[in-house]
Each structure stands twice: as C-alpha cells, then as structure tokens.
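Give me the fold of what follows.
(one chain, ligands or ions: 1)
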Amino acid sequence: RMPILEQCYNLMDFEAVARKVMKKTAWAYYSSGADDEITMRENHSAFHKIWFRPRILEDVEKVDFSTTMLGTKVDIPFYVTATALGKLGNPEGEVILTRGAKKHNVIQMIPTLASCSFDEIMDAAEGDQVQWLQLYVNKNRDITKRIVQHAEKRGCKGLFITVDAPQLGRREKDMRSKFSDVGSNVQSTGGDNVDRSQGAARAISSFIDPSLSWKDIPWFLSITKMPILLKGVQRVEDVIRAIEVGVHGVVLSNHGGRQLDFARSGIEVLAEVMPVLRERGWQDRIEIYIDGGVRRATDIIKALCLGAKGVGIGRPFLYAMSTYGLPGVDRAMQLLKDEMEMNMRLIGCSSVGDLNPTLVDTRGLSLH
Ligand code: FNR
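Residues are numbered from 1 along each chain as shown. As a prediction, this is how the structure comes out:
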C-alpha cells in the first residue's frame, strides 16, 4: 500500500514510493543514469565529502534564505530544473511543477522536450511568475531561432543551452524497458522518425545538433536579449571560456549522471572553479549554478558556501509529481524550506549573504 503523503519526511522518501508505484517505463526513464551509473550515484555522494564548520552565538532568531537568480527574487536558492517527458509520470505533466513553483516562489526551467507544449506551461504560470527555457539546439537553426524568440516574447527570463548532450547517453535501464509512449509535444520539436526500440531517451533526441560549438554562441547572443547560460559545464577552463565569450552564467552539471559516466559531480567542479575565478577577480562576472544529487537543504547550503548562486533539482520533483501530484510537489518544496530554516540556524547564518567558504571543510573532496 502507498504511504500517505505526510509519511514522506524528506526528498528521498518520494523516490522510494515512486520506485514502488510508478509505471515501469516511466520509472526507468526518470531514474536511469548513463552506463554503470557511477556519476549518477556520485552526484549525491559527493555532498557527503563536505562537512560544516558552523559558527556559534550568532543571532539566528530570524532567518531569511531568499535570494535572487538572474535578477528574480526567489524564496529559496533552488529552481526546478528541466526534465523531459513529464506526462510519463503524471498525465497532467509539467504544469504541476509550474503550480508548485508558483506556490513556493521558485523558478521553473521549461524543457525543450516537455510533454506539455511550451505555451501550455507558460499559460499555467500566474501573475509575475518567472520561468526559464532549457534549449536543445536543433540542426535546423531556423527552428531554434523561432523557439528562442517565441520564448522571449512570451516572457521567459533565461535561456539555458544544454551543452553536455551532443548525443544522448546510454541509459540501459531505460533501453531495456521498451518505450512506446512518447509525449504529445515531441513531434513539434523535431523528434519525428523516432526509434522506439531504444528507450525513451534515444527515441526523442535525434534532432539535437552534435556540431554545436563555441562559434555558435555569439549567434545566440545576437538573437535574444534573454540572459544566456550554458548548462552542463564540467571544468574550469570552460567556465573561463564561457565568461570570455560573454554568456551570463553556467550550470555546473553532468545532466543528473545521464550523459558521460565518470563525469565529476557539480559540487566537486564548483570547488575547482571558484578559487580560480576569485584569483582572477572574476567571481562576479557570471552567475554559477550547479545541479545533480541535491536532496537536502544542507546540499544547497554547501553549494552556496562554495560560491553557487543557486542549485537545480530534478528527479525529486518528478517523483513527487508522479506519486502524489501537486500536493506531493508542494510538500517536497516545503520540506526543503523547513530543512533550510533549521540548518541555516544551526550553522549560524541568518541570510544567504552570510554563507561563505569558511563554513565548509572541503578537504574530503579530491581536488587537484
Ligand atoms: C533530465 N535532464 C535534462 N536536462 C536537459 O538539459 N534537458 C532535458 O531534456 C533533460 N531531461 C531530463 C529528464 C530526466 C528524467 C532527468 C532525471 C533529467 C537533466 C536535468 O536538467 C538535471 O541536470 C538533473 O536532473 C539534475 O540531477 P538530479 O536533481 O535529477 O539528481
């Protein structure tokens, strides 16, 4: 029997329920990682290598963990990152995440490969709710340009170009579960002629342009005024290059361990990146985000201590949405807020401006 929602006390609990009750194909698509899933597991484990050096006797009666992301004020430093095919887990799809994000005043990143159409997801937003767009770049640049400019016209406030997926990774769990139920919107994004024998991921990815390169970035900057961020950066050299080419930010990410197995975790790359940027005085030239394996407010706090502006969270909200719908997403976000308030107090910080590298001991990370 399915536990009642109130029996989910943390984000991992939603995953445990999802594993039991979700349709096999949907579970396989959401939960799978590339190859041996070493990176996928490491994403969360890496946070276990960082310990706190809390301060004492700071006044933490009032704790405010709101912050800004690309100029938007948010309640808590996470956003709902882009995950494809929301209707596999819940017939209503991504709009459930839109409503949860509205309730908790956080930003939703809309995936190119959403099951709901882009306009449906934009329409589900209320008032001044902010959304971003995740972009898979189509071989046909006219299509890409149309998608980007439409998103800007509809009020999207950030463009995240996925750069870690010139080809989709081999997710064997997903490949084993024969996939027949491609989301309704996928045709319009160019994913026709799909090969359904290779799992969901392969089925929908044939339009992605593997020739995308640094040379294309100025073109993106020329076709939109939205801030542009590269999603999936994995080494400091590329962060520097991103700054030089003039983008507004990067997401240090390995795509939730679904692309290159043995890619390092975002938090580990962050620990490599920030000291180099600080040395150059470049730490404020772009906004740096990480994603992958964020499951606890302590994970969020560690990332902010090390210099991230915020973190993306993917699977936990998919699992919450697939098991309990909007109330599940609502509870998952509230749990993070509750954890955040307590842990900010316990490390002796009353605002995100107080978070800094001296509050963490990173000696357990294998930095070079
Ligand atoms: C993803 N991710 C992803 N990223 C992207 O740029 N475009 C996409 O279409 C998708 N689709 C997608 C589907 C599913 C089911 C998952 C789990 C992930 C990657 C995603 O944005 C993010 O990098 C990871 O999900 C972060 O890791 P966690 O929070 O899932 O551990």
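
Can you name the residues of the stretch 201-350 of the chain sitting close to the ligand?
231, 253, 255-256, 258, 291-294, 312-315 (CB under 6 Å from any ligand atom). C-beta: built from backbone N, CA, C; applies to glycine.

Sort out for me which of these are in strands.
Lys231, Asp291, Gly312, Ile313 (DSSP state E).

Top of those by number of neighbours, please.
Asp291 (29 neighbours; other CB atoms under 10 Å).

which residues sit in contact with that residue?
Thr81, Val251, Leu252, Ser253, Gly256, Gly266, Val311, Gly312, Ile313, Gly314 (CB atoms under 8 Å, 6 or more residues apart in numbering).

Out of the ones in strands among the residues of the stretch 201-350 of the chain next to the ligand, which comes closest to the ligand?
Nearest to the ligand among those is Asp291, at 4.1 Å by CB to the nearest ligand atom.

What's opposite that closest one in the beta bridge?
Gly312 (DSSP bridges).

Glu339 versus that one, what's the distance?
Separation of Asp291 from Glu339 (CB to CB, to the nearest Å): 18 Å.

same deal with Thr358?
Distance check for Thr358 against Glu339: by CB to CB, it reads 22 Å.

Mind checking which of those two has more residues around it?
Neighbour totals were compared for Thr358 and Glu339, and Glu339 leads with 20 against 9 (other CB under 10 Å).

From what I see, that one and Ile301 are in contact.
No - using CB atoms under 8 Å, Glu339 makes no contact with Ile301, being 9.3 Å away.

where does the stretch 201-350 of the chain have low pLDDT?
Counting by pLDDT under 70, the ranges of the stretch 201-350 of the chain that qualify are 201-203.

Okay, helices next: where are they in the protein?
For the chain, the helices defined by DSSP state H cover 11-21, 24-31, 38-45, 95-103, 118-124, 141-153, 172-176, 199-204, 217-223, 236-245, 266-280, 297-305, 315-347.

Identify the residue nearest the residue of the stretch 101-250 of the chain found nearest the ligand in space, chain neighbours excluded?
With CB to the nearest ligand atom, the shortest gap between the stretch 101-250 of the chain and the ligand falls at Thr162, namely 3.6 Å. Leaving aside its sequence neighbours, Thr162 sits nearest to Lys231 (CB to CB, 6 or more residues apart in numbering; 4.9 Å).

Quick one: residues in contact with stretch 265-285.
Under CB under 8 Å, 6+ apart, the answer for stretch 265-285 is 39, 42-43, 45-47, 50, 233-236, 239-240, 243, 251-254, 288, 290-293, 299, 302-303, 306-308, 357, 362, 365-368.

Report the buried members of those residues.
Listed as buried from the contacts of stretch 265-285 are 39, 42-43, 46-47, 50, 233-234, 236, 239-240, 243, 251-254, 288, 290-293, 299, 302-303, 306-308, 362, 365; burial here means 16 or more other CB atoms under 10 Å.

Let's have the residues of the stretch 201-350 of the chain next to the ligand in a markdown table, adding distance to Gln134.
Shown next, in a markdown table, are those (distance: CB to CB, whole Å):
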| residue | distance to Gln134 |
| --- | --- |
| Lys231 | 7 |
| Ser253 | 11 |
| His255 | 11 |
| Gly256 | 13 |
| Arg258 | 14 |
| Asp291 | 11 |
| Gly292 | 15 |
| Gly293 | 18 |
| Val294 | 17 |
| Gly312 | 10 |
| Ile313 | 14 |
| Gly314 | 11 |
| Arg315 | 15 |
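
For the stretch 51-200 of the chain, what lies in contact range of the ligand?
So far as CB under 6 Å from any ligand atom goes, the stretch 51-200 of the chain lies against the ligand at Thr81, Ala82, Thr83, Ala84, Pro111, Leu113, Gln134, Thr162.

Can you verify my assumption that the last one contacts Leu113?
Right, the one you point to is Thr162. No - contact criterion CB under 8 Å: Thr162 and Leu113 do not qualify, at 10.2 Å.

Now do the shared contacts for those two.
Tyr136.

The residue of the chain found nearest the ligand and Glu58, how far apart?
The ligand sits closest to Gly314 of the chain, with a gap of 2.4 Å, by CB to the nearest ligand atom. Per CB to CB, Gly314 is found 33 Å from Glu58.

ditto for Arg171
Distance, Arg171 to Glu58, by CB to CB: 45 Å.

quick one, which of the two is more surrounded?
Taking neighbours as other CB under 10 Å, Arg171 and Glu58 compare with Arg171 leading, 25 against 12.

could you measure the more buried one against Ser32, distance?
With distances taken as CB to CB, Arg171 is found 4 Å from Ser32.

And for Phe118?
According to CB to CB, Phe118 stands 25 Å off from Ser32.

same question, Val63
Look at Val63 and Ser32: by CB to CB, they are 37 Å apart.

higher neighbour count, the two?
Neighbours were counted for Val63 and for Ser32 using other CB under 10 Å; Ser32 has more, 24 against 16.

just checking, the more buried one touches Arg258?
Yes - counting by CB under 8 Å, Ser32 does reach Arg258; the two are 7.0 Å apart.
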